[in-house]
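Chemist: need a structure here:
(one chain, ligands or ions: 1)
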Amino acid sequence: MLIQDYFPTAADLTASGVAQLNLHSRAAQVARAQFGRQVFVRAVVEVSNFCRENCAYCGMRRDNRKLKRFRAHYEELAEHLIHHRPTSVTDVNIQGGEDPIAVREFVLPLIRILRRETALGISVCLGTLSPGLYRELQSAGASIYIIKFEIGDAAQYSKFKAPGTLNERLRHIQLLAENGWFVSSGFIVGLPGQTPRDLVKSLELARTLPLHGCSISPFIPGEDALLADQPPGNPDWTLNCMAALRLMRPDWVIPAVSALNLAEKDGYRRGLRAGANMVTINLTPNDVRGDFLIYKRSRFIMTEERVLAAIAAEGLTPSKQGLADSYRNGARHAPAQTALSVMT
Ligand code: SF4
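Modeler: Below is the predicted model:
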């Protein structure tokens, strides 16, 4: 079977035992054929936990009045990233709640400093903004926009109060791609009531989008989220979706997200074994990390040591080429035919 013909069935997404091992191993082979043993290493800094959205699965939603809100000092972040970042880091992702004030007053100055002082590739994950702000971020020096569609079904998207509407989110993905951004998206696995058929739908949607990457995160019932008392998403289904995505899109960048470790003790390393090819070191200052309430205040922080240990344990190695450079150079890493041959 040619790889571009692959599309997962619901049975693939719920596979266990030998069938699951085979699925993951095929995905890992495709990733290695495409990217070698190289894994992109980026840093993330979380700049603001103010958010004007109200997602039911997130503790930073605007109606959570208990959360102490912060906007980080960009001079401090810049200093840390310029002088003290781990040597393996080639890119930085600047992430925040949907907070246009932080974008204008903190993120833009931070990007300008980083662009002037470093060769870091710059990604941003800042929500649905105006076309004018997208342009300003791009002019300042960011080139990758991370905007997750979260849920591939419009009715569930609305039910879980994801930002705006699914159509609006998709229009923004399109708009960003048309304007020269390298766009990465993502979706959640295991929200209450989601079935394998819903996950197939999210994968169907992902493959129609103009993306360079896509993350898949297990649902974690976060503190102060409306869904705090719900059961977590199934880590096996999450990993199976990652493997399926790798088989569908050999050249996309698929991160091993830190939530995999919350879902399961060995989840992060299993992600690397299921076709992931990017890791993220968290460099958010200690004093505000706990308030960036994606999941829990006592977060499992992916430090340099943990990330590099996971890569090494899987026989992988940090990529010397940065992610933004790789996109800019249109790298396809290895001839697609090599990846195709794995599937025949
Ligand atoms: S998931 Fe993002 S957009 Fe939604 S409430 Fe949380 S920070 Fe805001």
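
Chemist: how about the residue nearest to the spatial centre of the chain, phi and psi?
Modeler: In the chain, the C-alpha closest to the average C-alpha coordinate belongs to residue 215, at a distance of 4.2 Å (Cα atoms, centre = their mean). The phi and psi torsions at residue 215 (degrees, to the nearest 10) take the values phi -100, psi 160.

Chemist: can you pull the pLDDT of it?
Modeler: pLDDT recorded at residue 215 is 98.

Chemist: Contacts only, for it.
Modeler: Residue 215 is in contact with 146, 148, 184, 185, 186, 187, 254, 255, 257, counting by Cβ atoms under 8 Å, 6 or more residues apart in numbering. In this view, the C-beta of every residue, glycine as well, is placed from N, C-alpha and C.

Chemist: was I right about residue 140 contacting residue 112?
Modeler: Yes - using Cβ atoms under 8 Å, residue 140 makes contact with residue 112 at a distance of 5.1 Å.

Chemist: how about the nearest residue to residue 90 once chain neighbours are set aside, phi and psi?
Modeler: Closest residue to residue 90 apart from its sequence neighbours, by Cβ to Cβ, 6 or more residues apart in numbering: residue 322 at 3.3 Å. Backbone geometry at residue 322, expressed as degrees, to the nearest 10, gives phi -80, psi 160.

Chemist: What of residue 184?
Modeler: According to degrees, to the nearest 10, residue 184 has phi -120, psi 140.

Chemist: now do residue 54
Modeler: Per degrees, to the nearest 10, the backbone of residue 54 is at phi -140, psi 40.

Chemist: can you start the count at 17 instead of 1 from here on
Modeler: Fine by me, first position is 17 from now on; the one you just mentioned is residue 70.

Chemist: Can you tell me the closest non-neighbouring residue to residue 340?
Modeler: Distances taken as Cβ to Cβ, 6+ apart put residue 137 closest to residue 340, at 2.5 Å, once the chain neighbours are dropped.

Chemist: Who does the one you found form a beta bridge with?
Modeler: For residue 137, the beta-bridge assignment (DSSP bridges) gives partners residue 107.

Chemist: what does the stretch 117-266 of the chain put close to the ligand?
Modeler: Residues of the stretch 117-266 of the chain lying close to the ligand (Cβ under 6 Å from any ligand atom) are 143, 179.

Chemist: where exactly do the helices run in the stretch 117-266 of the chain?
Modeler: Secondary structure of the stretch 117-266 of the chain by DSSP state H, counting those that start in this stretch: the helices cover 124-133, 147-156, 170-175, 182-194, 212-224, 251-264.

Chemist: Buried residues of the shortest one, list them for me.
Modeler: In this case it means helix 170-175. 170, 172, 173 (16 or more other Cβ atoms under 10 Å).

Chemist: Any chance of CSV for the residues you listed, columns pLDDT and distance to residue 183?
Modeler: CSV is the format used below for the buried residues of helix 170-175 (pLDDT from 0 to 100; distance: Cβ to Cβ, whole Å):
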residue, pLDDT, distance to residue 183
170, 97, 7
172, 97, 14
173, 98, 9
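
Chemist: Quick check: mean pLDDT of the lengthiest strand in the chain?
Modeler: When the chain is parsed with DSSP state E, its longest strand is strand 54-64. For strand 54-64, the mean per-residue pLDDT is 96.

Chemist: With stretch 183-197 instead?
Modeler: Stretch 183-197 comes out with an average pLDDT of 98.

Chemist: Tell me the secondary structure at the spatially closest residue to residue 274 that is not a sequence neighbour.
Modeler: Distances taken as Cβ to Cβ, 6+ apart place residue 318 nearest to residue 274, at 4.8 Å, with adjacent residues excluded. Under DSSP: H, G, I helix; E, B strand; the rest coil, residue 318 falls in the coil class.

Chemist: I figured residue 60 was touching residue 317, is that so?
Modeler: No - between residue 60 and residue 317 there is no contact under Cβ under 8 Å: 10.4 Å.

Chemist: Show the average pLDDT along stretch 141-151.
Modeler: The pLDDT scores in stretch 141-151 average 98.

Chemist: buried sites along that stretch?
Modeler: Residues 141, 142, 143, 144, 145, 150 are the ones in stretch 141-151 that count as buried (16+ other Cβ under 10 Å).

Chemist: Give the phi and psi angles for the fourth one, as a check.
Modeler: Spelled out, it's residue 144. For residue 144, the backbone dihedrals are phi -90, psi 110 (criterion: degrees, to the nearest 10).

Chemist: gap between it and residue 337?
Modeler: The spacing between residue 144 and residue 337, counted by Cβ to Cβ, to the nearest Å, is 30 Å.

Chemist: Over to the third one?
Modeler: Residue 143 sits 29 Å away from residue 337, taking Cβ to Cβ as the criterion.

Chemist: on that earlier part again, name the residue in residue 156 and residue 128 with the higher neighbour count.
Modeler: residue 156 (18 against 15; other Cβ atoms under 10 Å).

Chemist: Excluding residues flanking it in the chain, which one is nearest that one?
Modeler: Among residues not flanking residue 156 along the chain, residue 127 sits closest, at 4.1 Å (Cβ to Cβ, 6+ apart).

Chemist: So residue 175 versus the ligand, what's the distance?
Modeler: 14 Å (Cβ to the nearest ligand atom, to the nearest Å).
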